[in-house]
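[1] quick one, fold the following:
(2 chains)
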There are 2 protein chains.
Amino acid sequence: MAKITKVSPLAPAVFPDLPVIDGVRFATVAAGVRYQGRTDVMLAVLDPGTAVAGVFTRSATRAAPVLDCQDKIGGPSDGPAAILVNSGNANAFTGQYGRASVEQITEAVAQATGVAQSRVFTSSTGVIGEPLPHDRIVARLDELTAGLRADALEEAARAIMTTDTFPKGASAQVEIDGKTVSIAGIAKGSGMIAPDMATMLVYIFTDAKIDQPALQRMLSEQTDRTFNCITVDSDTSTSDSLLLCATGASGVEATGNADFARALESVMLDLAHQVVKDGEGATKFVEIRVTGAASDADAKVHGLAIANSPLVKTAIAGEDPNWGRVVMAIGKSGAAADRDTLSISFGDILVAEKGWVSPSYREEDAAAYMKGQELVIAVDLGLGEGKATVWTCDLTHGYIEINADYRS
Amino acid sequence: MAKITKVSPLAPAVFPDLPVIDGVRFATVAAGVRYQGRTDVMLAVLDPGTAVAGVFTRSATRAAPVLDCQDKIGGPSDGPAAILVNSGNANAFTGQYGRASVEQITEAVAQATGVAQSRVFTSSTGVIGEPLPHDRIVARLDELTAGLRADALEEAARAIMTTDTFPKGASAQVEIDGKTVSIAGIAKGSGMIAPDMATMLVYIFTDAKIDQPALQRMLSEQTDRTFNCITVDSDTSTSDSLLLCATGASGVEATGNADFARALESVMLDLAHQVVKDGEGATKFVEIRVTGAASDADAKVHGLAIANSPLVKTAIAGEDPNWGRVVMAIGKSGAAADRDTLSISFGDILVAEKGWVSPSYREEDAAAYMKGQELVIAVDLGLGEGKATVWTCDLTHGYIEINADYRS
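    You can find the predicted model right below:
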């Protein structure tokens, strides 16, 4: 395993205080799937009536647990539900054996918890191409079930980490009809080690009452504006999974409530930003704001082209206000652009406009700005009303070290 | 300018002996466009009747010289033609001033050489966003014209370099109807420095007689199998240009001749490989062979997804036979793939088949193979007859150093 020696410089100072979400309990255990001396399995059990929505990687080589979850999402939600996640082994590219492991685990979780197998969701993250030692997990299920607690979300966040340098949590509360509804979520990503991959796993819980189809619609829409707007290195895992569970334990109906939707989006965005801030070797957090594009879709294409460009990302690492590389990325993106209507700003500094460097631009101002830890690159295409914001980090020696210099 | 201290370890031992191409003469000069103590302008003058074909960057933010060349390609080819290239300044993102520079240079070349301005093609490569000091070039045109020589192609290759660590040349000869036809070409790419970009410029000359529309068709087709199948970092320059000139001086008609087409493709492939071998920080040259895809187009999508993946490229740098990352890249490419029909080989070593690691695979064999300087990664999708081959290099600390650590 890669030698991750220190916490990302972009990490929050402390893990946030997360509210207890009524209707869900957590337990973790050190099952020795691969790692020693740390927890590597988390179990969540959700009360009857919990609606579960999910979004998953679009990879054509999806791992077995992802395929199993996708089959189960949207089924009847009367009974209780369970989520089991292990770190250390991704159970990906493991052929028939991988499917059998998922079957064994979900069956055993069903027996231990009394949850129907069709409502047991699993994720695995870690090394790929090696058989998952599912017996080690199954052997600990009674212990996990006995240890379930409502206030163990931070432990859960720690158990699902792989090369993450810090656990990731976020929450929000919102008043609806004079009552408080809570949302709390955890995430892991996006450290990676040979031969691991940058799997992003996210679990969000709320005690609001929302019917499953509405929950799924809201999750899918908000994923497009949050988790689908972040990129560390343009690579996509075979295992990315995001589950959103509404237990309804607050008794507050939040289907269609705009305040709830905003609160959920803030939790998703917070977790998404934390994933970027734990990008391998990241030293800068960068927001790319694209406006004036021919459409929102075009704006996102431009934003991701800039965010994924190795030349842009290395320039940011070098604190170099290299707007020429931003022009290059826009030009190659494939979305509509006109050099002569394009303007680019770094923070509040107008760098280029109308196809050339701005008359007011002074390189030393931009160079000073680039020394900051959180940066904004704003691009206006000057073509229409389309806009999008995406987030990324810089590309540094740390990335190469984590991904090339160490062997598993 | 970035401090490039040494020649790429993948560079050929010597610059090749190139045949003289009748009908074209070259001259170079140190005009001080940006660099000191080296040549930075090359002029080529082509005899009357030379057919000129070209392919150019698809960037939406193309530089002024590219737009000018695109306007001129395909015009009448009775009179002589000229190509002028400068390094040190890309004349890109320079607004109206950039267009005026191209106008000034092409007008002055026309006057100095007697070539119609509509047949004067220019390229510029180097820093972007700064006005091109075209006066420095114009002032040397009489000297350049007086110095034209048939045997100065290597000097031309050196004058167009920016951060290239070695000059790039390739040639082929082919017998047609008992007479010898020659092809010789030069290229630059793909070093880059803040705020430069990885411009690739290629100029190929032949004494064969080929009509312009046939020359253009052949060039476009073969570019798809050669220069469009290489990638260093997925970034696309605003200035990439490739000109193919057939002087006809041999008197040999080669329109539609398959031997000639093969010889030309070998020259283009040789130059394309040299560009990859001079990729920033490259220490490994990697061929990605994709077979069994649903279509040739799908095969190329998969090949480029693998070749552009930072995770695959850092694994190669680390000499890590990380086939899991190859699976990941295939999965994310968007082209058709089925995990359970997929097989992957590193060199002759079958690594994975039918959705899992091969029973015969031994990690130590693959690890030994990865220590080589030239590697082949072969992927068979098991779906159809589609195939493609692409070439790339590894992603190393050298890339970060060149692109982040140094300022211009």
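
[2] what residues are up against the residue lying closest to A:Leu269 once chain neighbours are set aside?
    Using Cβ to Cβ, 6 or more residues apart in numbering or on different chains and skipping residues adjacent in sequence, the residue nearest A:Leu269 is A:Thr226, 4.8 Å away. All C-beta atoms are positioned from the backbone trio N, CA, C, and that covers glycine. Going by Cβ atoms under 8 Å, 6 or more residues apart in numbering or on different chains, A:Thr226 touches A:265, A:268-269, A:271-272.

[3] can you lay out these as a markdown table showing neighbour count?
    Listed next are the contacts of A:Thr226 as a markdown table, based on neighbours: other Cβ atoms under 10 Å in any protein chain shown:
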| residue | neighbour count |
| --- | --- |
| A:Glu265 | 17 |
| A:Met268 | 25 |
| A:Leu269 | 19 |
| A:Leu271 | 26 |
| A:Ala272 | 25 |
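
[4] closest one of those residues to chain B?
    A:Ala272 (18.3 Å; Cβ to the nearest Cβ).

[5] was I right about that closest one contacting A:Val390?
    No: applying Cβ atoms under 8 Å as the test, A:Ala272 and A:Val390 come out as separate, 10.1 Å apart.

[6] what do these two both touch?
    A:229-230.

[7] per-residue pLDDT of A:Met197, please?
    With respect to pLDDT, A:Met197 has a value of 44.

[8] then A:Leu10?
    Reading off the model, A:Leu10 has pLDDT 89.

[9] just give the nearest non-adjacent residue to it, would you?
    That would be A:Lys277: by Cβ to Cβ, 6+ apart, it lies 3.7 Å from A:Leu10.

[10] show me what contacts that neighbour?
    A:Lys277 makes contact with A:8, A:10-11, A:285, A:393 under the criterion Cβ under 8 Å, 6+ apart.

[11] and those residues, which two are furthest apart?
    A:Ala11 and A:Cys393 (12.3 Å; Cβ to Cβ).

[12] ok, the nearest residue to A:Thr206 once chain neighbours are set aside to A:Arg339 distance?
    Spatial nearest neighbour of A:Thr206, excluding adjacent residues (Cβ to Cβ, 6+ apart): A:Ile183 at 4.4 Å. A:Ile183 sits 44 Å away from A:Arg339, going by Cβ to Cβ, to the nearest Å.

[13] next, the residue lying closest to A:Gly185 once chain neighbours are set aside: secondary structure please.
    Spatial nearest neighbour of A:Gly185, excluding adjacent residues (Cβ to Cβ, 6+ apart): A:Ile204 at 3.5 Å. The three-state assignment at A:Ile204 reads strand, by DSSP: H, G, I helix; E, B strand; the rest coil.

[14] burial count for A:Ile204?
    A:Ile204: 23 surrounding residues under other Cβ atoms under 10 Å in any protein chain shown.

[15] now swap in the one 4 residues further on and tell me
    Number of residues near A:Ala208 (other Cβ under 10 Å) recorded here: 28.

[16] same question, A:Ala170
    23.

[17] so what pairs up with it in the strands?
    When assigned by DSSP bridges, A:Ala170 has beta-bridge partners A:Gly185.

[18] A:Met42 too?
    A:Thr28, A:Val85.

[19] the residue nearest to A:Thr206 belongs to a strand?
    Yes: the assignment for A:Ile183 (three-state DSSP) places it in a strand.

[20] stretch A:297-305 and chain B in contact?
    No: applying Cβ under 8 Å from any Cβ of the partner chain, one finds stretch A:297-305 separated from chain B by no less than 9.4 Å.

[21] between A:Ala11 and A:Cys393, which one's more packed in?
    Taking neighbours as other Cβ under 10 Å, A:Ala11 and A:Cys393 compare with A:Cys393 leading, 29 against 18.

[22] near the nearest residue to that one once chain neighbours are set aside, how many residues? Count them for me, please.
    Leaving aside its sequence neighbours, A:Cys393 sits nearest to A:Ala282 (Cβ to Cβ, 6+ apart; 3.5 Å). For A:Ala282, the number of neighbouring residues by other Cβ under 10 Å comes to 27.

[23] ok, A:Ala282 touching A:Trp391?
    No: with contact defined as Cβ under 8 Å, A:Ala282 does not reach A:Trp391; the gap is 11.0 Å.

[24] could you name every residue contacting both of those two?
    A:Val276.

[25] neighbours of A:Ala367, how many?
    Count around A:Ala367 with other Cβ under 10 Å applied: 14.

[26] residue contacts, it?
    A:Ala367 neighbours (Cβ under 8 Å, 6+ apart): A:319-321.

[27] columns pLDDT and neighbour count on top of these, output as TSV?
    TSV is the format used below for those (pLDDT from 0 to 100; neighbours: other Cβ atoms under 10 Å in any protein chain shown):
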residue	pLDDT	neighbour count
A:Glu319	93	20
A:Asp320	90	23
A:Pro321	90	28
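
[28] quick check: the residue nearest to A:Leu10 vs chain B, distance?
    18 Å (Cβ to the nearest Cβ, to the nearest Å).

[29] phi, psi for that residue please.
    phi -70, psi -10 (degrees, to the nearest 10).

[30] any buried residues in stretch A:362-373, and which?
    A:365-366, A:369-370 (16 or more other Cβ atoms under 10 Å in any protein chain shown).

[31] just checking, A:Gly279 touches A:Val232?
    Yes: the pair A:Gly279 / A:Val232 is scored as a contact, 3.9 Å apart, by Cβ under 8 Å.

[32] looking at those two, which one has more neighbours?
    A:Gly279 (31 against 27).

[33] next one, pLDDT for that one please.
    83.

[34] a helix runs through it, doesn't it?
    No: per three-state DSSP, A:Gly279 lies outside any helix segment and is coil.
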